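In: what follows is a protein structure lacking sequence information:
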């Protein structure tokens, strides 16, 4: 997020020097958004840019396939959120869920987050909402896998994210997604296919066309200052309304769950499959080992 590094002439010179070295074989980007953003944000010379582009490749993180069947309606819709509570839109999700529970009793929400980062008043408020379960973010891999297996939809209305690795984990468990369009999230969450995506939240800190970072939120304090201001003046109520509507669609039409779940598995197989990613990584390192 720190665009001052991109603007620093010493940093640019150092990168330009290193990228030209024969032992610098590849730049591996985790996402297409990350790759676009890197070249859109850093003002390199034409030749440095050409060399860097030639050495660049995008490969998604390696997430093991769980080989699960699509999820089907079991009567109660179980929602799962995992992440930093306020940064990832947790309080907006809770507000939407509280409204949903006033009309539908067959929906539950599990919040997995570091509880020490959540205000006591918000924890007390959440404990009073029927169907909402708070879980400390200290689960091991097996326990987290069980969460993915036993829940139906993954929720990530995030306002500050580079990739959202949990989204790849979620679709590997055949989970549909409800999230925001934040940086690389829509490489995993395709609106109307395996996901419902809020298109343009007000805390985006990059150009929507080029992915050039603006640098407004280099320091987290600036991000949280604007986040709190938006929460207090109702600027994030549209996000809450979107979450309410998206959840309600799955409740009104239970067949959507299986449809979006099947599409989640299909997307994982097409873009994120374990052997596919492994083959790309093997090719990169085999090329790098050649004299």
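Out: Looks like it arrived, so ask away. In this text the structure is predicted, and so the values were computed from the model without any measurement.
In: check the secondary structure at residue 145 for me.
Out: Counting by DSSP: H, G, I helix; E, B strand; the rest coil, the backbone at residue 145 sits in helix.
In: for residue 262, see how far away it is.
Out: Taken as Cβ to Cβ, to the nearest Å, the spacing of residue 145 relative to residue 262 amounts to 20 Å. C-betas here are computed from N, CA, C, even on glycine.
In: so how many other residues sit close to residue 262?
Out: Counted with other Cβ atoms under 10 Å, the neighbours of residue 262 add up to 16.
In: looks to me like it is in a helix.
Out: Yes: when classified by three-state DSSP, residue 262 is found to be part of a helix.
In: secondary structure element holding the closest residue to it other than its chain neighbours?
Out: The shortest distance from residue 262 to any residue that is not its chain neighbour, by Cβ to Cβ, 6 or more residues apart in numbering, is 4.4 Å, and that residue is residue 70. With the criterion set as DSSP states H and E, no secondary-structure element contains residue 70; it sits in neither a helix nor a strand.
In: tell me the contacts of residue 70?
Out: The contact partners of residue 70, taken as Cβ atoms under 8 Å, 6 or more residues apart in numbering, are 174, 258, 261, 262, 264, 265.
In: residue 13: which of those is nearest?
Out: Set against residue 13, the nearest of the contacts of residue 70 by Cβ to Cβ is residue 264 (44.5 Å).
In: please tell me how far the residue most central in space within the chain sits from residue 46.
Out: If you average the C-alpha coordinates of the chain and look for the closest C-alpha using Cα atoms, centre = their mean, you land on residue 164, 2.6 Å from that point. Spatial separation of residue 164 from residue 46 under the definition Cβ to Cβ is 33 Å.
In: please apply the same query to residue 120.
Out: Using Cβ to Cβ, residue 120 is found at 55 Å from residue 46.
In: of the contacts of residue 70, just the buried ones, PyMOL syntax please.
Out: Here is the PyMOL selection string for the buried members of the contacts of residue 70, based on 16 or more other Cβ atoms under 10 Å:
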select buried, resi 174+258+261+262+264+265
